[in-house]
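Peer 1: With the input below, show me the fold.
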Amino acid sequence: MCAVSLTWDDNNSGAAEEDGFKVYRSNLPIDLAALPVPIATLPSGTTTYDDLTPLVGDNYYAVSTYKAGSVRFLVFDLITLGAGVAALAIVNPSAELGATGWTFAGGFETHVGGGGWPPAFVGSYLFAGGSGASGSALQDVLIGASVFAKVDAGTALLDLDWRQRSYSGSDKGDIEIEFFDSGSVSLGAAVGLGLLGAASGSWQLRQHVGLGVPVGARTVRIRIVTQRGSGSYNDAYFDDISGNIF
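Peer 2: Have a look, this model is predicted:
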(Lines give C-alpha, C1' and ligand atoms only; values in the text may rest on other atoms or scores of the structure.)
Protein backbone atom coordinates (compact mmCIF):
# COMPACT_ATOMS: atom_id res chain seq x y z
CA MET A 1 0.00 0.00 0.00
CA CYS A 2 1.25 3.51 -0.78
CA ALA A 3 1.28 5.06 2.68
CA VAL A 4 3.51 6.90 5.14
CA SER A 5 3.58 5.66 8.74
CA LEU A 6 4.59 8.13 11.44
CA THR A 7 5.58 6.98 14.95
CA TRP A 8 6.53 9.07 17.98
CA ASP A 9 6.95 8.82 21.75
CA ASP A 10 4.29 10.39 23.96
CA ASN A 11 6.33 11.94 26.73
CA ASN A 12 3.47 14.11 27.97
CA SER A 13 0.72 11.51 28.35
CA GLY A 14 -2.40 12.09 30.39
CA ALA A 15 -5.22 14.58 30.26
CA ALA A 16 -3.29 16.93 32.55
CA GLU A 17 -0.52 17.23 29.94
CA GLU A 18 -2.30 17.16 26.56
CA ASP A 19 -5.70 17.07 24.90
CA GLY A 20 -4.32 15.23 21.88
CA PHE A 21 -2.16 15.56 18.77
CA LYS A 22 -2.41 17.32 15.42
CA VAL A 23 -0.62 16.07 12.30
CA TYR A 24 0.45 18.52 9.60
CA ARG A 25 1.71 17.82 6.06
CA SER A 26 3.06 19.99 3.28
CA ASN A 27 5.01 19.65 0.03
CA LEU A 28 7.30 22.42 1.35
CA PRO A 29 9.30 22.64 4.59
CA ILE A 30 6.82 23.39 7.38
CA ASP A 31 7.03 26.80 9.04
CA LEU A 32 5.93 26.21 12.63
CA ALA A 33 4.87 29.86 12.85
CA ALA A 34 2.51 29.49 9.86
CA LEU A 35 1.15 25.97 9.96
CA PRO A 36 -1.00 24.41 7.23
CA VAL A 37 -4.41 22.98 8.09
CA PRO A 38 -3.90 19.71 10.04
CA ILE A 39 -4.63 16.51 8.15
CA ALA A 40 -5.56 14.69 11.37
CA THR A 41 -6.53 15.43 14.98
CA LEU A 42 -5.82 12.50 17.28
CA PRO A 43 -6.72 11.73 20.91
CA SER A 44 -4.37 11.93 23.87
CA GLY A 45 -2.00 8.98 24.15
CA THR A 46 -1.73 8.38 20.40
CA THR A 47 1.76 7.44 19.16
CA THR A 48 1.21 6.50 15.48
CA TYR A 49 -0.50 7.84 12.36
CA ASP A 50 -0.79 6.31 8.89
CA ASP A 51 -1.12 8.80 6.04
CA LEU A 52 -2.91 6.67 3.42
CA THR A 53 -2.99 9.39 0.76
CA PRO A 54 0.47 11.04 0.78
CA LEU A 55 1.40 13.59 -1.85
CA VAL A 56 3.32 12.54 -4.93
CA GLY A 57 6.81 14.01 -4.54
CA ASP A 58 8.01 15.70 -1.34
CA ASN A 59 6.10 15.24 1.92
CA TYR A 60 7.04 17.18 5.06
CA TYR A 61 5.31 16.31 8.34
CA ALA A 62 5.00 17.87 11.77
CA VAL A 63 3.17 16.53 14.82
CA SER A 64 2.14 18.72 17.73
CA THR A 65 0.50 18.15 21.06
CA TYR A 66 -2.28 20.62 21.73
CA LYS A 67 -3.50 22.03 25.01
CA ALA A 68 -4.37 25.59 25.89
CA GLY A 69 -1.16 27.49 26.60
CA SER A 70 1.20 24.64 25.74
CA VAL A 71 2.21 23.32 22.30
CA ARG A 72 5.17 21.04 21.55
CA PHE A 73 6.33 20.01 18.10
CA LEU A 74 8.00 17.01 16.55
CA VAL A 75 9.19 17.57 12.97
CA PHE A 76 9.81 14.59 10.70
CA ASP A 77 12.43 14.41 7.98
CA LEU A 78 11.51 14.83 4.33
CA ILE A 79 9.75 11.81 2.82
CA THR A 80 9.65 11.63 -0.99
CA LEU A 81 7.31 9.41 -3.00
CA GLY A 82 8.08 8.74 -6.63
CA ALA A 83 5.99 9.90 -9.54
CA GLY A 84 3.54 7.43 -11.02
CA VAL A 85 1.37 7.24 -7.89
CA ALA A 86 -2.20 8.55 -8.01
CA ALA A 87 -4.48 8.79 -4.99
CA LEU A 88 -8.08 7.91 -5.82
CA ALA A 89 -10.07 11.15 -5.75
CA ILE A 90 -13.02 9.65 -3.86
CA VAL A 91 -15.72 12.22 -3.19
CA ASN A 92 -17.10 12.15 0.36
CA PRO A 93 -15.11 9.09 1.54
CA SER A 94 -16.29 9.34 5.16
CA ALA A 95 -20.01 10.12 4.78
CA GLU A 96 -19.67 13.68 6.11
CA LEU A 97 -21.54 15.10 3.07
CA GLY A 98 -24.53 12.76 3.04
CA ALA A 99 -25.05 11.12 -0.35
CA THR A 100 -22.77 13.58 -2.19
CA GLY A 101 -20.61 11.71 -4.71
CA TRP A 102 -22.47 8.42 -4.27
CA THR A 103 -25.52 6.69 -5.76
CA PHE A 104 -27.46 4.96 -2.97
CA ALA A 105 -29.86 2.03 -3.48
CA GLY A 106 -31.90 -0.38 -1.35
CA GLY A 107 -32.30 1.93 1.64
CA PHE A 108 -28.55 2.63 2.03
CA GLU A 109 -27.92 5.86 3.96
CA THR A 110 -25.54 7.90 6.08
CA HIS A 111 -26.04 8.43 9.79
CA VAL A 112 -24.45 10.51 12.49
CA GLY A 113 -22.45 8.34 14.89
CA GLY A 114 -23.14 8.00 18.59
CA GLY A 115 -26.38 8.25 20.53
CA GLY A 116 -27.17 4.54 20.21
CA TRP A 117 -25.36 4.22 16.87
CA PRO A 118 -21.71 3.20 16.51
CA PRO A 119 -19.30 6.15 16.72
CA ALA A 120 -17.88 7.25 13.37
CA PHE A 121 -14.32 6.12 12.72
CA VAL A 122 -13.42 9.60 11.46
CA GLY A 123 -15.52 12.75 11.55
CA SER A 124 -19.14 12.58 12.72
CA TYR A 125 -20.94 10.42 10.15
CA LEU A 126 -20.79 6.86 8.83
CA PHE A 127 -22.28 4.87 5.95
CA ALA A 128 -25.03 2.39 6.92
CA GLY A 129 -26.80 -0.45 5.10
CA GLY A 130 -30.13 1.11 6.02
CA SER A 131 -33.72 -0.03 5.90
CA GLY A 132 -33.48 -2.53 3.04
CA ALA A 133 -32.33 -6.13 2.94
CA SER A 134 -29.42 -5.35 0.60
CA GLY A 135 -28.45 -1.68 0.48
CA SER A 136 -25.60 -0.43 -1.70
CA ALA A 137 -23.65 2.69 -2.66
CA LEU A 138 -21.72 3.30 -5.88
CA GLN A 139 -19.16 5.87 -7.03
CA ASP A 140 -17.14 6.06 -10.27
CA VAL A 141 -13.67 7.57 -9.71
CA LEU A 142 -11.48 8.80 -12.58
CA ILE A 143 -7.93 7.41 -12.64
CA GLY A 144 -5.23 10.10 -12.43
CA ALA A 145 -3.28 10.80 -15.62
CA SER A 146 0.02 10.38 -13.74
CA VAL A 147 -0.43 6.58 -13.82
CA PHE A 148 -1.79 6.17 -17.38
CA ALA A 149 1.60 4.89 -18.60
CA LYS A 150 1.69 2.19 -15.93
CA VAL A 151 -1.95 1.26 -16.57
CA ASP A 152 -1.40 0.93 -20.31
CA ALA A 153 1.79 -1.10 -19.75
CA GLY A 154 -0.17 -3.53 -17.59
CA THR A 155 1.95 -2.89 -14.48
CA ALA A 156 -0.41 -0.70 -12.39
CA LEU A 157 -1.82 -1.94 -9.08
CA LEU A 158 -4.59 -0.65 -6.84
CA ASP A 159 -4.85 -0.53 -3.05
CA LEU A 160 -8.13 0.33 -1.33
CA ASP A 161 -8.64 0.60 2.43
CA TRP A 162 -11.77 1.11 4.51
CA ARG A 163 -13.15 0.58 7.99
CA GLN A 164 -16.11 -1.72 8.57
CA ARG A 165 -18.17 -2.85 11.55
CA SER A 166 -21.62 -4.21 12.40
CA TYR A 167 -24.05 -4.24 15.31
CA SER A 168 -24.00 -7.96 16.12
CA GLY A 169 -22.00 -9.54 13.31
CA SER A 170 -25.06 -10.88 11.47
CA ASP A 171 -25.34 -8.06 8.89
CA LYS A 172 -22.61 -8.29 6.28
CA GLY A 173 -20.84 -6.02 3.83
CA ASP A 174 -18.03 -5.67 1.32
CA ILE A 175 -16.55 -3.20 -1.17
CA GLU A 176 -16.27 -4.36 -4.77
CA ILE A 177 -13.99 -2.87 -7.44
CA GLU A 178 -14.70 -2.76 -11.17
CA PHE A 179 -12.67 -1.05 -13.92
CA PHE A 180 -13.94 0.75 -17.04
CA ASP A 181 -12.20 2.11 -20.13
CA SER A 182 -12.55 5.64 -21.51
CA GLY A 183 -15.75 4.60 -23.28
CA SER A 184 -17.36 3.36 -20.03
CA VAL A 185 -17.01 -0.27 -21.13
CA SER A 186 -16.41 -2.70 -18.27
CA LEU A 187 -13.02 -4.41 -18.36
CA GLY A 188 -14.05 -7.38 -16.23
CA ALA A 189 -16.30 -8.53 -13.44
CA ALA A 190 -16.33 -6.67 -10.16
CA VAL A 191 -13.86 -8.01 -7.57
CA GLY A 192 -14.66 -8.13 -3.85
CA LEU A 193 -13.21 -9.67 -0.71
CA GLY A 194 -16.50 -11.39 0.15
CA LEU A 195 -19.34 -10.39 2.41
CA LEU A 196 -18.21 -10.14 6.01
CA GLY A 197 -20.15 -9.65 9.22
CA ALA A 198 -17.50 -7.48 10.84
CA ALA A 199 -17.28 -7.83 14.59
CA SER A 200 -19.42 -5.53 16.71
CA GLY A 201 -17.81 -3.13 19.14
CA SER A 202 -14.89 -1.92 17.03
CA TRP A 203 -13.96 -0.82 13.53
CA GLN A 204 -12.14 -3.40 11.43
CA LEU A 205 -9.63 -2.49 8.70
CA ARG A 206 -10.33 -4.21 5.37
CA GLN A 207 -8.15 -3.86 2.28
CA HIS A 208 -7.81 -4.65 -1.38
CA VAL A 209 -4.02 -4.92 -1.71
CA GLY A 210 -2.16 -5.00 -5.02
CA LEU A 211 -5.22 -5.50 -7.22
CA GLY A 212 -4.16 -5.57 -10.87
CA VAL A 213 -5.47 -2.67 -12.98
CA PRO A 214 -6.41 -3.82 -16.50
CA VAL A 215 -4.81 -2.19 -19.54
CA GLY A 216 -6.84 0.74 -20.80
CA ALA A 217 -8.64 1.42 -17.49
CA ARG A 218 -9.64 5.04 -16.92
CA THR A 219 -12.32 4.73 -14.23
CA VAL A 220 -12.57 2.76 -10.99
CA ARG A 221 -16.06 1.86 -9.79
CA ILE A 222 -16.27 1.53 -6.01
CA ARG A 223 -19.40 -0.26 -4.85
CA ILE A 224 -20.31 -0.78 -1.20
CA VAL A 225 -22.59 -3.81 -0.85
CA THR A 226 -24.48 -4.94 2.26
CA GLN A 227 -26.74 -7.82 3.24
CA ARG A 228 -29.05 -7.88 6.26
CA GLY A 229 -28.83 -11.10 8.24
CA SER A 230 -31.36 -10.44 10.99
CA GLY A 231 -33.55 -7.76 12.48
CA SER A 232 -35.30 -4.89 10.72
CA TYR A 233 -32.25 -2.68 10.03
CA ASN A 234 -29.17 -3.46 7.94
CA ASP A 235 -26.40 -2.76 10.46
CA ALA A 236 -23.41 -3.03 8.11
CA TYR A 237 -21.35 0.15 8.63
CA PHE A 238 -18.49 1.69 6.62
CA ASP A 239 -16.19 4.68 7.01
CA ASP A 240 -12.89 6.22 5.88
CA ILE A 241 -12.51 4.84 2.34
CA SER A 242 -9.22 5.64 0.58
CA GLY A 243 -7.01 4.22 -2.13
CA ASN A 244 -4.11 4.64 -4.55
CA ILE A 245 -3.04 3.37 -7.96
CA PHE A 246 0.71 2.89 -8.32
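
Peer 1: Could you list the domains of this structure?
Peer 2: Domain ranges of the chain: 4-82, 87-245, per automatic domain parsing.

Peer 1: tell me the most buried of those domains?
Peer 2: domain 87-245 (a mean of 18; mean count of other CB atoms under 10 Å). All C-beta atoms are positioned from the backbone trio N, CA, C, and that covers glycine.

Peer 1: Just after the helix or strand of the chain with the lowest mean pLDDT, pick out the following helix or strand.
Peer 2: Between all helices and strands in the chain, the lowest mean by mean pLDDT, DSSP states H and E belongs to strand 79-81, at a mean of 56. Next helix or strand after strand 79-81 toward the C-terminus (DSSP states H and E): strand 86-87.

Peer 1: what's whichever helix or strand comes after that next one packed up against?
Peer 2: Sequence-wise, the next helix or strand downstream of strand 86-87 (DSSP H and E) is strand 103-105. Secondary-structure packing of strand 103-105 (3 or more CB pairs under 8 Å, 6 or more residues apart in numbering; DSSP states H and E): strand 136-142.

Peer 1: need the next SSE after the strand it packs on, C-terminal direction.
Peer 2: Immediately after strand 136-142, counting by DSSP H and E, sits helix 148-153.

Peer 1: Now do that next one: distance to the chain's middle.
Peer 2: 24 Å (CA atoms, centre = their mean, to the nearest Å).

Peer 1: swap in stretch 167-180?
Peer 2: Per CA atoms, centre = their mean, the centroid offset for stretch 167-180 relative to its chain is 15 Å.

Peer 1: Stretch 237-246 too?
Peer 2: That offset, for stretch 237-246, works out to 4 Å (CA atoms, centre = their mean).

Peer 1: next one: stretch 94-103
Peer 2: For stretch 94-103, the distance to the chain centre is 13 Å (CA atoms, centre = their mean).

Peer 1: Also stretch 118-136?
Peer 2: For stretch 118-136, the distance to the chain centre is 14 Å (CA atoms, centre = their mean).
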